[in-house]
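# Attaching a predicted model along with its sequence, questions to come.
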Amino acid sequence: MRRYKHAIAVMLWLLPGPALAWGPEGHEVVAHLAARNLTAKAQAQVAALLGGEAEAAMAIAANWADEIRDDRPQTSSWHFVNIEIDRGLDYDAARDCPGGNCVVQQISRVEAVLKSRASRARKAEALRFLIHFVGDIHQPLHAADRHDRGGNMVRVFVKSGRPENLHHVWDTDVVALLGRDPAALARRIDDGLRPAQKAALMAPGSPVAWAQASAAIARNVAYAQLRNGNHIDARTLAADAQVARGQLTRAGYALAGMLNRALR
């Protein structure tokens, strides 16, 4: 009976489910990192919109967009964009984001709400979405696809042979290697960069460019490492974790830059 239950659990684990970027810890890293780099004005407005001290409130809000997906299924496609890597890495809005229902267009939409004269409630919701979506677009398998639901349908074996799907490895396993305390990881990242580096990372960017850069990582790293089989050893996983660290860093500073410009 125990063996039968284990087999069922493994089968359910491998079924392609909804794509959740970075897992809760990764999104919290992005939120903490962004909060540490807000201007005084942006920090005050974030605190007012979310109802609490900015950094703590942003960390709490970081996973809200995932938590509401069952109640608001129309938002599910807002978390990713499927740039098919076998067609190249150029984003085509008509092809890749029909009806504006992808993370690229939704980042632009909610950013516009934050800059507008919308009600406090609408701005608060836009802020919660933005915190999450900027993290999503920097997860390589939320920007790229190989006709496999962003790696959700690709079975891999991690280290000692534990079965996973490729998307889950990038959502969760690589982030777990970086540490279990999102605030501490964000602090280490932030303390390790010079002001000029931070300023460069917070410079105005484009969701299209972010998506294409993430898709390139998916093609050149996440999928490329499977050419010789679907086993991901400890060394490869550790290298992937450093790639993920870089993407979390870019996401955190990109978010800070957007909020500083939107909430002046």
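Thanks, I have the structure now. Numbering: from 1, shown residues only.

# Trp170 and Ala244 touch, don't they?
Yes - using C-beta atoms under 8 Å, Trp170 is in contact with Ala244, at 6.8 Å. From N, CA and C alone the C-beta is placed, and that goes for glycine too.

# Same drill for those two, tell me which one is more crowded.
Trp170 (30 against 27; other C-beta atoms under 10 Å).

# For the stretch 151-264 of the chain, which segments are assigned as helices?
Secondary structure of the stretch 151-264 of the chain by DSSP state H, counting those that start in this stretch: the helices cover 166-168, 174-176, 182-191, 195-201, 207-217, 234-262.

# Compare those helices and give me the one nearest Gln45.
With C-beta to C-beta, the closest approach to Gln45 among these belongs to helix 234-262: 8.3 Å.

# Give me the helices and strands touching that closest one, please.
helix 23-35, helix 40-50, helix 103-115, helix 120-137, helix 174-176, helix 182-191, helix 195-201, helix 207-217 (3 or more C-beta pairs under 8 Å, 6 or more residues apart in numbering; DSSP states H and E).

# Would you mind putting those into a markdown table with mean neighbour count and mean pLDDT alongside?
Output for these, formatted as a markdown table (neighbours: other C-beta atoms under 10 Å; pLDDT from 0 to 100):
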| stretch | mean neighbour count | mean pLDDT |
| --- | --- | --- |
| helix 23-35 | 27 | 96 |
| helix 40-50 | 17 | 98 |
| helix 103-115 | 21 | 98 |
| helix 120-137 | 23 | 98 |
| helix 174-176 | 22 | 96 |
| helix 182-191 | 17 | 98 |
| helix 195-201 | 13 | 98 |
| helix 207-217 | 21 | 98 |
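
# on that earlier part again, export the helices of the stretch 151-264 of the chain to CSV and tack on distance to Arg128?
Below are the helices of the stretch 151-264 of the chain laid out as CSV (distance: least, C-beta to C-beta, whole Å):
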stretch, distance to Arg128
helix 166-168, 23
helix 174-176, 21
helix 182-191, 17
helix 195-201, 22
helix 207-217, 17
helix 234-262, 12
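
# Quick check: which of those helices is nearest to Ile83?
Nearest of those (C-beta to C-beta): helix 207-217, 4.4 Å.

# name the helices or strands packed onto the closest one?
Packed against helix 207-217 by the contact rule (3+ C-beta pairs under 8 Å, 6+ apart) you find strand 83-84, helix 103-115, helix 120-137, helix 234-262.

# give me that answer again for 6 Å
helix 103-115 (3 or more C-beta pairs under 6 Å, 6 or more residues apart in numbering; DSSP states H and E).

# The helix it packs on to helix 120-137, inter-axis angle?
150 degrees (axes from the mean of the first three to the mean of the last three C-alpha atoms, to 10 degrees).

# Pull out the buried positions in stretch 155-162.
Val156, Val158 (16 or more other C-beta atoms under 10 Å).

# averaged over its residues, what pLDDT does it have?
Stretch 155-162 shows a mean pLDDT of 86 in the predicted model.

# now do the same end-to-end measure for it.
10 Å (C-alpha to C-alpha, to the nearest Å).

# outside of it, which residues touch it?
Defining contact as C-beta atoms under 6 Å, 6 or more residues apart in numbering, one finds that stretch 155-162 is touched by Leu14, Pro163, Glu164, Leu166, Asn230, His231, Ile232, Ala234.

# Redo these as JSON lines? Include neighbour count.
Compiled in JSON lines, these are given as follows (neighbours: other C-beta atoms under 10 Å):
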{"residue": "Leu14", "neighbour count": "17"}
{"residue": "Pro163", "neighbour count": "13"}
{"residue": "Glu164", "neighbour count": "21"}
{"residue": "Leu166", "neighbour count": "25"}
{"residue": "Asn230", "neighbour count": "14"}
{"residue": "His231", "neighbour count": "13"}
{"residue": "Ile232", "neighbour count": "23"}
{"residue": "Ala234", "neighbour count": "11"}
